[in-house]
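1. Quick one: sequence plus predicted model below, questions after.
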Amino acid sequence: MFFRNSIDTVRVETQSIRSRLGGLVKASALSLAVTLGTGAALASAQQQPTRQPERFEPADSIEGNYLSALIAGSARDTSAAATFLREALRADPRNQELIERSFIAFLADGAMSDAFRSAERIIARDPNNGLALMTLAVRALKNKQFQTARERLRGGARNRAADITSTLLTAWAFAGAGDQKRAVEAVDRLGGDASVTTFRDYHAALIHDMLGNTAEAQRRLKAAYDSDPVSLRTVDAWARLQARRGDVAGARDTYERFNRLLPNHPVIRDAMDTLGSAKPAELATALPRTVATAQQGAAETLFGLASAGNRDDNDSVIVIIYLRLALYLDPTHEMAIITLGDTLERAKQPDDAIAVFDRMPANSPLRSIAEVQIGLGLEAMGRKDEAIQHLEAAIKDDPGNLEALSAIGGVYRARKEFAKAAEFYEKGIAQIGTPQRHHWNLFYARGIAYERTKRWPLAEADFKKALELIPESMNANRALVLNYLGYSWVDQGINLDEAFMMLRKAVELKPRDGYIIDSLGWAYFRLGRYEDAVRELERAIELRPADPVINDHLGDAYWRVGRKLEARFQWNHARDLKPEPEDLPKILGKIENGLDDEAKPASAVAEPPKKNDG
């Protein structure tokens with residue numbers, strides 16, 4: 001059903017914001033580097049569902065706090081887990097399992113003082129615990145105790161994951177002590193696939209640059225850039241070095257190349273604006289170096305490894321820990337803030353995510369993105385008035401804030417306030433001038449808002465524009481647009497040949513999407529091709545057995561082919577699955593009386609589309 005799929009557009013709008021905030025490295029062998037083992041506590045912490053628990057006050061007993069911590073941990077509520085384990089640990093401070101579980105929870109919650117105390121206690125009993133040693137090394141790096149950091153990093157379990165992390169942090173400890181030779185030697189011990197080589201060259205270049213060897217920094221960073229010219233961090237670091245070495249034209253070209261690939265990224269846009277507004281005498285110093293201290297370099301290491309591991313939700317706890325440690329070392333690391341906030345948001349912890357997004361520096365080019373994510377987090381928490389107020393304040397501060405305009409449109413559309421949604425989409429589209437490929441989702445979203453407010457000619461134009469803009473390579477999102485437009489035409493009995501081509505193409509692009517298959521089946525039903533409808537709707541029900549609309553549709557199709565007992569079974573099932581309030585009376589009527597006599601198919605009579613969802 002195409003209306004149900006329109007819900008995905010709210011996710012698409014949020015994902016389009018996130019997709020503009022790319023990390024340092026692609027998922028690769030580097031993702032292994034975020035799997036430092038700490039025993040059963042970490043393994044248990046990584047196998048978690050995504051249910052948001054209620055917040056509890058600490059219990060009166062150790063058993064109550066421990067069980068509450070387990071519940072909170074299973075729901076990835078790191079803040080609540082840390083609170084309960086802290087209380088349990090006070091009651092039983094020598095319990096080693098409690099200490100280990102508390103250590104993980106404290107790190108994930110960013111409670112660094114507690115985490116450091118727990119790490120010291122773990123090391124006292126298990127001097128080879130990798131994560132505890134790394135955590136204490138990070139503290140030493142923060143305090144400029146570089147020899148202590150290296151000593152900590154020499155211990156621990158020896159495996160490839162630990163080696164990548166400890167090797168790079170050791171290199172930054174040498175760099176912090178001013179020992180460029182040993183720092184680069186440490187980095188160059190890393191070997192592996194192309195992505196590890198790129199990561200090695202990137203960090204070697206940052207070390208050379210921080211310690212003043214800009215010629216060698218240029219050689220190594222150029223190698224990293226040539227290997228991966230689509231990495232935001234590499235692109236930005238390379239362009240900054242180019243500008244500082246006097247090649248401002250080259251820096252602009254580097255940014256322009258990336259801008260053509262991923263248009264209007266805030267970091268790239270800000271750097272280009274800075275170069276554009278700088279006076280000639282200021283160009284070489286307009287963009288500071290990416291890393292100026294060993295602490296920032298170590299934070300960049302942890303952020304890069306966390307980004308590599310962030311492709312797998314099963315690693316979310318250790319990813320959060322790496323990002324917390326990165327922000328302990330460099331509290332203003334913009335990309336670590338955005339990535340941690342996004343990770344917490346996906347872990348169904350919007351309140352913790354909001355607190356992280358709010359750490360974004362006021363002068364950061366990513367502050368507007370953070371403000372939008374805060375507004376969406378408030379909406380997810382049910383604080384609806386605050387969400388709108390926050391997003392409207394962001395728009396008031398910057399009327400051209402396209403992300404905020406799109407986000408508030410998505411919020412209103414998710415609430416089924418389609419007229420208001422259309423207003424904000426209109427304001428957003430008015431800001432963009434000549435539409436680019438990445439603007440397809442704005443036209444698609446506005447098209448839905450227009451269609452739901454019965455402005456079909458405007459909706460149709462927007463859907464066509466979205467199809468014109470969306471790249472062929474974006475299969476899943478292209479399927480959404482094809483599905484919505486194709487079904488609309490079928491339901492109105494117009495452009496039928498093209499409509500069915502669109503629906504079949506949508507199914508081809510997303511063959512496991514029950515909603516899109518339902519659209520094709522329902523289109524067959526609307527045209528009186530009931531056997532074809534049954535075939536497709538049975539496929540859809542296999543993929544989405546708990547969807548009330550698909551069950552309702554299949555019941556209708558069964559009735560038309562004479563399978564009336566099965567039809568009533570499907571309608572009863574649809575009733576029990578809590579359909580939309582406006583659909584329930586119709587379903588109850590069909591359970592009681594069946595379908596009316598067969599009407600002319602949609603090819604003969606045009607009707608407005610049935611509203612299943614927003």
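-> Sure thing, it's come through.
2. other SSEs contacting the helix or strand containing Lys590?
-> Taking DSSP states H and E as the definition, one finds Lys590 inside helix 584-593. On a contact count with 3 or more Cβ pairs under 8 Å, 6 or more residues apart in numbering; DSSP states H and E, helix 584-593 meets helix 548-560, helix 564-576. For every residue, glycine as well, the C-beta is placed using N, CA and C.
3. For this structure, give me the ranges with low pLDDT.
-> For the chain, applying pLDDT under 70 flags the ranges 1-56, 58-60, 65-66, 69, 72-75, 156-162, 310-315, 599-614.
4. Please repeat the previous calculation with a cut-off of 80.
-> Scanning the chain for pLDDT under 80 picks out 1-93, 155-162, 192-193, 309-315, 598-614.
5. how does it divide into domains?
-> 158-330, 513-614 (automatic domain parsing).
6. Out of those domains, which one sits most buried?
-> domain 158-330 (a mean of 20; mean count of other Cβ atoms under 10 Å).
7. what distance separates that one from the centre of its chain?
-> Taking Cα atoms, centre = their mean, to the nearest Å, one finds the center of domain 158-330 at 22 Å from the center of the full chain.
8. related to what we said a few turns ago, can you tell which of the domains of the chain is closest to Gln436?
-> For these, the distance to Gln436 is smallest for domain 158-330, at 5.3 Å, taking Cβ to Cβ.
9. and the angle from the helix holding Lys590 to helix 548-560?
-> Helix 584-593 and helix 548-560 are oriented at 30 degrees to each other (axes from the mean of the first three to the mean of the last three Cα atoms, to 10 degrees).
10. got the angle for helix 584-593 vs helix 564-576?
-> Going by the same axes, to 10 degrees, helix 584-593 makes 150 degrees with helix 564-576.
11. rewinding a little: Throw the helices and strands packed on helix 584-593 into JSON lines and include distance to Leu378, thanks.
-> Shown next, in JSON lines, are those (distance: least, Cβ to Cβ, whole Å):
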{"stretch": "helix 548-560", "distance to Leu378": "29"}
{"stretch": "helix 564-576", "distance to Leu378": "33"}
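12. For Glu371, find the nearest of those.
-> Nearest to Glu371, of these and by Cβ to Cβ, is helix 548-560 at 35.5 Å.
13. Give me the residues contacting the closest one.
-> The contact list for helix 548-560, computed with Cβ atoms under 8 Å, 6 or more residues apart in numbering, reads 1, 4, 514-515, 518, 521-522, 525, 530, 533-534, 537-538, 540-541, 544-545, 564, 566-571, 573-575, 577-580, 583, 587, 590, 594-595, 598, 612-613.
14. where along the stretch 351-500 of the chain do the helices fall?
-> 367-380, 384-397, 402-414, 418-431, 440-452, 456-469, 475-492, 496-509 (DSSP state H, counting those that start in this stretch).
15. can you check the stretch 1-150 of the chain too?
-> Per DSSP H, counting those that start in this stretch, the stretch 1-150 of the chain carries helices over the ranges 2-5, 8-18, 40-45, 62-74, 78-91, 96-109, 112-125, 130-142, 146-154.
16. nearest to Glu508, of those helices?
-> Ranking those by proximity to Glu508 (Cβ to Cβ) places helix 2-5 first, at 15.4 Å.
17. tell me the contacts of the closest residue to Val481 other than its chain neighbours?
-> Distance criterion Cβ to Cβ, 6 or more residues apart in numbering; nearest residue to Val481, sequence neighbours excluded, is Ala466 at 4.9 Å. Applying Cβ under 8 Å, 6+ apart, we find Ala466 in contact with 440-441, 443-444, 447, 481.
18. Would you indicate which residues of stretch 105-124 are buried?
-> 105-112, 114-119, 121-123 (16 or more other Cβ atoms under 10 Å).
19. Likewise for stretch 334-347?
-> 334-345, 347.
20. Among those, which one lies nearest to Asp491?
-> So of those, ranked by how close each gets to Asp491 (Cβ to Cβ), first place is Glu345, at 35.4 Å.
21. Spatially nearest residue to that closest one, not counting backbone neighbours?
-> Nearest residue to Glu345, sequence neighbours excluded (Cβ to Cβ, 6+ apart): Ala353, at 4.2 Å.
22. ok, that neighbour touching Gly341?
-> Yes. Between Ala353 and Gly341 a contact is recorded at 4.7 Å, counting by Cβ atoms under 8 Å.
23. Name the residues contacting each of the two.
-> Common contact partners of Ala353 and Gly341 (Cβ under 8 Å, 6+ apart): Gln373.
24. Name the SS class of Glu598, please.
-> coil (DSSP: H, G, I helix; E, B strand; the rest coil).
25. re the thing from before, report the contact partners of the residue nearest to Glu345.
-> Ala353 makes contact with 341-342, 344-345, 373, 377, according to Cβ under 8 Å, 6+ apart.
26. and the gap between it and Asp398?
-> For Ala353, the distance to Asp398 equals 22 Å [Cβ to Cβ, to the nearest Å].
27. swap in Arg152?
-> For Arg152, the distance to Asp398 - Cβ to Cβ - is 45 Å.
28. which one of these two has more residues nearby?
-> A count of neighbours by other Cβ atoms under 10 Å puts Arg152 above the other of Arg152 and Asp398, at 26 against 14.
29. Report whether the expected contact of the more buried one with Gln145 is present.
-> No. Counting by Cβ under 8 Å, Arg152 stays clear of Gln145, with 9.5 Å between them.
30. Run through who's touching the helix holding Lys590.
-> 548, 552, 555-556, 559, 567-568, 571-572, 574-575, 579.
31. Need those in a markdown table (columns: distance to Leu211).
-> A markdown table is the format used below for these (distance: Cβ to Cβ, whole Å):
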| residue | distance to Leu211 |
| --- | --- |
| Pro548 | 64 |
| Asp552 | 68 |
| Gly555 | 72 |
| Asp556 | 72 |
| Trp559 | 77 |
| Ala567 | 76 |
| Arg568 | 78 |
| Trp571 | 73 |
| Asn572 | 73 |
| Ala574 | 68 |
| Arg575 | 71 |
| Pro579 | 66 |
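32. where does Pro581 fall, helix, sheet strand or coil?
-> Classified using three-state DSSP, Pro581 is coil.
33. CA atoms only for stretch 458-470, dumped as CSV, please.
-> Extracted as CSV, the C-alpha positions of stretch 458-470 are listed here (Å, rounded to 0.1, in the frame of the first residue of the first chain):
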residue,chain,number,x,y,z
LEU,A,458,0.3,19.5,-7.6
ALA,A,459,1.1,16.2,-6.0
GLU,A,460,1.5,14.5,-9.4
ALA,A,461,3.9,17.2,-10.5
ASP,A,462,6.0,16.7,-7.3
PHE,A,463,6.2,13.0,-7.7
LYS,A,464,7.3,13.3,-11.3
LYS,A,465,9.9,15.9,-10.2
ALA,A,466,11.2,13.5,-7.5
LEU,A,467,11.6,10.7,-10.1
GLU,A,468,13.4,13.1,-12.4
LEU,A,469,15.9,14.0,-9.6
ILE,A,470,16.4,10.7,-7.7
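34. Tell me the buried residues in it?
-> 458-460, 462-463, 465-467, 469-470.
35. Quick check: the residue nearest to Val481 vs Leu442, distance?
-> According to Cβ to Cβ, Ala466 and Leu442 sit 8 Å apart.
36. quick one on the thing from earlier: now the helices of the stretch 351-500 of the chain as JSON lines including distance to Leu261?
-> Shown next, in JSON lines, are those (distance: least, Cβ to Cβ, whole Å):
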{"stretch": "helix 367-380", "distance to Leu261": "19"}
{"stretch": "helix 384-397", "distance to Leu261": "27"}
{"stretch": "helix 402-414", "distance to Leu261": "18"}
{"stretch": "helix 418-431", "distance to Leu261": "22"}
{"stretch": "helix 440-452", "distance to Leu261": "16"}
{"stretch": "helix 456-469", "distance to Leu261": "16"}
{"stretch": "helix 475-492", "distance to Leu261": "17"}
{"stretch": "helix 496-509", "distance to Leu261": "23"}
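37. right, and those helices - which one's nearest Trp172?
-> helix 367-380 (26.9 Å).
38. contacting residues around that closest one?
-> 14, 17, 20-21, 266, 337-338, 341-342, 345, 350-351, 353-354, 357-358, 360-361, 364, 384, 386-388, 390-391, 393-394, 398, 401, 403-404, 407-408, 411, 414.
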